[in-house]
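Asker: Coordinates only, no sequence provided:
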């Protein structure tokens, strides 16, 4: 089953990114070194980096049941809050995560958008949904746990966080949830 281009939650609108979103993505979070500190991708230096992400996202959507989503506030129509999505490894295995603009932190948007991704994973036939977070990023670990993910442990020297320590693999907390049998 193909995921919808658009999802709504109580306070959020999540939709598939389009090329005209590039400037807003860059300005709101992708070009912000504070917002992207714990991301496994480098902070965008120019809007050209954001266009490259959009090209990748479009290809990902063509291959898999879903892909990246942008997170908007339903209250303040059109205000981009961040991004989330599903990155499929196989038709039944996917990874999720999120990034928010600084002014969207601490308001429950991460939890609400992650719950939407959990439901989308279930609807698109995912059997195992995974997420990792930097071992020191307690706020993300808390959001994952609140959304029902189980921690399967710490993976040592697993993921590079280029905005923290380029070229160095850091420890991550590995989380997952299973659906169905």
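Answerer: Done, it's in. Keep in mind that what you see is a predicted model, and the values were worked out from it rather than measured. Numbering: from 1, shown residues only.
Asker: contacts and neighbour counts: CA atoms only from here.
Answerer: Noted.
Asker: how close does residue 163 sit to residue 36?
Answerer: 7 Å (CA to CA, to the nearest Å).
Asker: For those two, list the residues in contact with both.
Answerer: Listed contacts common to residue 163 and residue 36 are 42, 43; contacts here mean CA atoms under 8 Å, 6 or more residues apart in numbering.
Asker: The two: who's more crowded?
Answerer: For residue 163 versus residue 36, neighbours defined as other CA atoms under 10 Å are more numerous around residue 36 (23 against 17).
Asker: Without its sequence neighbours, what residue ends up closest to the more buried one?
Answerer: residue 43 (5.9 Å; CA to CA, 6 or more residues apart in numbering).
Asker: Then residue 75?
Answerer: In space, and not counting its chain neighbours, residue 75 is closest to residue 11: 6.8 Å by CA to CA, 6+ apart.
Asker: Let me know how buried the one you found is, in neighbour terms.
Answerer: 14.
Asker: Just the mean pLDDT for the host helix or strand of residue 121, thanks.
Answerer: For residue 121, the enclosing helix or strand under DSSP states H and E is helix 109-123. Mean pLDDT, helix 109-123: 98.
Asker: Give me the helices and strands touching that helix, please.
Answerer: strand 12-15, strand 80-90, strand 93-100, helix 138-146 (3 or more CA pairs under 8 Å, 6 or more residues apart in numbering; DSSP states H and E).
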